[in-house]
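Colleague: the sequence isn't on hand, but the structure is:
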């Protein structure tokens, strides 16, 4: 099914640039690629600091944070 939509000249220019950048044959393909990319689950950042805290236990980190808060009166 083909549908026609109205867009501003500015939007058309952006679509043309997107189509060229993505090297696709149609505006439909360009729009579809952008939508699919946006709807994909984002990579989790959970555990991203693990490489900096190897050998640190959770208890050790909590103890250091508590000591730091006490030192700087952040209770």
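Modeller: It's in. Being a predicted model, the structure only gives us computed values, none of them experimental. Numbering: from 1, shown residues only.
Colleague: please enumerate the helices of the chain.
Modeller: With DSSP state H applied, the chain shows helices at 9-22, 27-39, 58-71, listed in chain order.
Colleague: neighbours around residue 30, how many?
Modeller: Neighbourhood size, residue 30 [other C-beta atoms under 10 Å]: 21. Every C-beta, even on glycine, is put in place using the N, C-alpha and C of the backbone.
Colleague: ok, the residue nearest to the spatial centre of the chain to residue 16 distance?
Modeller: Nearest to the geometric centre of the chain sits residue 42, at 5.6 Å (C-alpha atoms, centre = their mean). For residue 42, the distance to residue 16 equals 28 Å [C-beta to C-beta, to the nearest Å].
Colleague: can you check residue 51 too?
Modeller: Note on residue 51: its distance to residue 16, by C-beta to C-beta, is 42 Å.
Colleague: higher neighbour count, these two?
Modeller: Ranked by neighbour count (other C-beta under 10 Å), residue 51 and residue 16 place residue 16 first, with 12 against 7.
Colleague: show me what contacts that one?
Modeller: Going by C-beta atoms under 8 Å, 6 or more residues apart in numbering, residue 16 touches no other residue.
Colleague: quick thing: my sequence starts at 16, can you match it?
Modeller: Right, with 16 as the first residue, what we last looked at is residue 31.
Colleague: and stretch 45-57, which residues are buried?
Modeller: Residues residue 45 are the ones in stretch 45-57 that count as buried (16 or more other C-beta atoms under 10 Å).
Colleague: how far does it sit from its chain's centre?
Modeller: Counting by C-alpha atoms, centre = their mean, to the nearest Å, stretch 45-57 is centred 12 Å from the centre of its parent chain.
Colleague: quick one: contacts of that stretch?
Modeller: Contacts for stretch 45-57 (C-beta under 8 Å, 6+ apart): 30, 33, 34, 37, 39.
Colleague: report the rounded mean pLDDT for it.
Modeller: Here stretch 45-57 scores 91 as its mean pLDDT.
Colleague: quick one: low-confidence ranges for this structure?
Modeller: 59-62, 89-90 (pLDDT under 70).
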